[in-house]
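> curious how this folds, go ahead:
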Amino acid sequence: MTDVLVVLIIFGAIFGRGMIRAFAAHREKIRIIELDNASSQAERATSELLEKVERLSGRVEVLEKIVTDEKYQLDRKIANL
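Below is the predicted model:
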């Protein structure tokens, strides 16, 4: 019984280290993949926000043109009378 246990301990020491290294390498690859996915999602969100800011900036420009238009100002003055 002790002979079998000694053999198992020796095999465990020899092959266990390799298995731990393989597991650590696998975990590192998974972390890299997760970081790449998070990065691509962040880039997508950033591009969507930039597009939204551009659309809103365009709308603000249109509103500024309307408000600063002389006809609009005259219409407001007439409406206030």
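> which other helices and strands does the helix or strand where residue 28 lies contact?
Following DSSP states H and E, one finds residue 28 within helix 2-68. With contacts taken as 3 or more CB pairs under 8 Å, 6 or more residues apart in numbering; DSSP states H and E, helix 2-68 sits against no other helix or strand. Every C-beta, even on glycine, is put in place using the N, C-alpha and C of the backbone.
> what's the angle between the next helix or strand after that helix and helix 2-68?
Downstream of helix 2-68, the first helix or strand assigned by DSSP H and E is helix 70-80. With axes from the mean of the first three to the mean of the last three CA atoms, to 10 degrees defining the directions, helix 70-80 sits at 80 degrees from helix 2-68.
> with just CA atoms, put helix 70-80 into PDB.
Taking Å, rounded to 0.1, in the frame of the first residue of the first chain, the C-alpha atoms of helix 70-80 are listed here in PDB:
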ATOM      1  CA  GLU A  70     -34.400  88.300 -37.200                       C
ATOM      2  CA  LYS A  71     -37.800  87.000 -38.400                       C
ATOM      3  CA  TYR A  72     -38.000  84.800 -35.300                       C
ATOM      4  CA  GLN A  73     -37.100  87.700 -33.000                       C
ATOM      5  CA  LEU A  74     -39.800  89.900 -34.700                       C
ATOM      6  CA  ASP A  75     -42.400  87.100 -34.400                       C
ATOM      7  CA  ARG A  76     -41.600  86.900 -30.600                       C
ATOM      8  CA  LYS A  77     -42.000  90.600 -30.200                       C
ATOM      9  CA  ILE A  78     -45.300  90.600 -32.000                       C
ATOM     10  CA  ALA A  79     -46.500  87.600 -29.900                       C
ATOM     11  CA  ASN A  80     -45.500  89.400 -26.700                       C
END
